[in-house]
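Engineer: Structure of the sequence below:
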Amino acid sequence: MPDPISPMPAIALERQDHEAKPRKSNAPTVWEQVSGVYTEPVALFQRLAKTPRWGEALWVMIVVGLVMMTAWALKADVEAMQRPILEQNGQLTASQIDQAISISRRFILPMAFFSVMIRNLFGALAMGLVFWLFAATTDEKNKPTFLHAVSAATIPNLVLIPYTLMIGIVCLLKQVGGQIPERLAPSGLAYYLHPQNAKLYGFLAQVDPFIIAYYVMIFFAVRHLMRLKSSDAALCTTLAVLLTVGWKVYSWV
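Structural biologist: Just a heads-up that it's a prediction; the model follows:
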């Protein structure tokens, strides 16, 4: 007669092996995130709602930004870009202006790299903080975490990859002169109207299919990743648009 107890150790070992195997994460990979913002953004943000992730997407943005800024920095005319601004400062002498331009020309590439790192990192964290604080004021029962908010602030930027690479290609193909990278984007309305007023230029530069797609992705992100109601998601997106456009118009040169 077979011993009914003998199979128990084998069953126990099999169960331990099964429990010891790490569960496969449901979080989308960075490549799924890059493709998802173009092909199935709602499904992407719904998956991220379960397992928020933003670090890898941030590095993709940084790398693409570095490629673009390298192409720009190698051809930018620092004197044409900075001399008119420095000459507006009546406290600087001609020799001091020349010295400042010489230093900027020498360090333009390292400073471009530094600006990409800082702008992307703190931009994502700052916008994530805004989203998180906004969500805290809503009547949602399940409040999103700060990690959800930062993910919602970061992932939509992936839709701007073609925009950033396009600027880099333009920098390689034409004279850059003293123009900042955003002035070289041939997809925006300001590129064709050429308004003289810098603030108006900054505003019209936001009328761009890539920029508009970015705002649409923000709505999808706060709606499905942070799980806000449609009305709250619309208000949160409006806040993001006002902050982004306001900063662009204020800082445009």
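
Engineer: Can you show me the helices along this protein?
Structural biologist: Under the criterion DSSP state H, the chain carries helices at the ranges 7-20, 30-39, 41-50, 55-73, 78-87, 94-136, 146-154, 161-173, 189-193, 198-204, 209-220, 230-251.

Engineer: Need those helices in TSV (columns: mean neighbour count, mean pLDDT and distance to R183).
Structural biologist: Heads up, the C-betas are built off the backbone N, CA and C, glycines and all. Output for the helices of the chain, formatted as TSV (neighbours: other C-beta atoms under 10 Å; pLDDT from 0 to 100; distance: least, C-beta to C-beta, whole Å):
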stretch	mean neighbour count	mean pLDDT	distance to R183
helix 7-20	9	50	57
helix 30-39	17	95	25
helix 41-50	19	96	29
helix 55-73	19	94	10
helix 78-87	15	82	11
helix 94-136	15	90	15
helix 146-154	25	97	25
helix 161-173	17	94	9
helix 189-193	14	90	7
helix 198-204	17	86	8
helix 209-220	18	96	14
helix 230-251	15	92	12
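
Engineer: Save these as JSON lines, and put in distance to Q179 too.
Structural biologist: Below are the helices of the chain laid out as JSON lines (distance: least, C-beta to C-beta, whole Å):
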{"stretch": "helix 7-20", "distance to Q179": "58"}
{"stretch": "helix 30-39", "distance to Q179": "28"}
{"stretch": "helix 41-50", "distance to Q179": "32"}
{"stretch": "helix 55-73", "distance to Q179": "9"}
{"stretch": "helix 78-87", "distance to Q179": "8"}
{"stretch": "helix 94-136", "distance to Q179": "14"}
{"stretch": "helix 146-154", "distance to Q179": "28"}
{"stretch": "helix 161-173", "distance to Q179": "10"}
{"stretch": "helix 189-193", "distance to Q179": "10"}
{"stretch": "helix 198-204", "distance to Q179": "11"}
{"stretch": "helix 209-220", "distance to Q179": "18"}
{"stretch": "helix 230-251", "distance to Q179": "15"}
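
Engineer: The residue most central in space within the chain - nearest residue in space that isn't next to it in sequence?
Structural biologist: Geometric centre of the chain, nearest residue: N157, 3.6 Å, by C-alpha atoms, centre = their mean. Leaving aside its chain neighbours, N157 sits nearest to M61 (5.2 Å; criterion: C-beta to C-beta, 6 or more residues apart in numbering).
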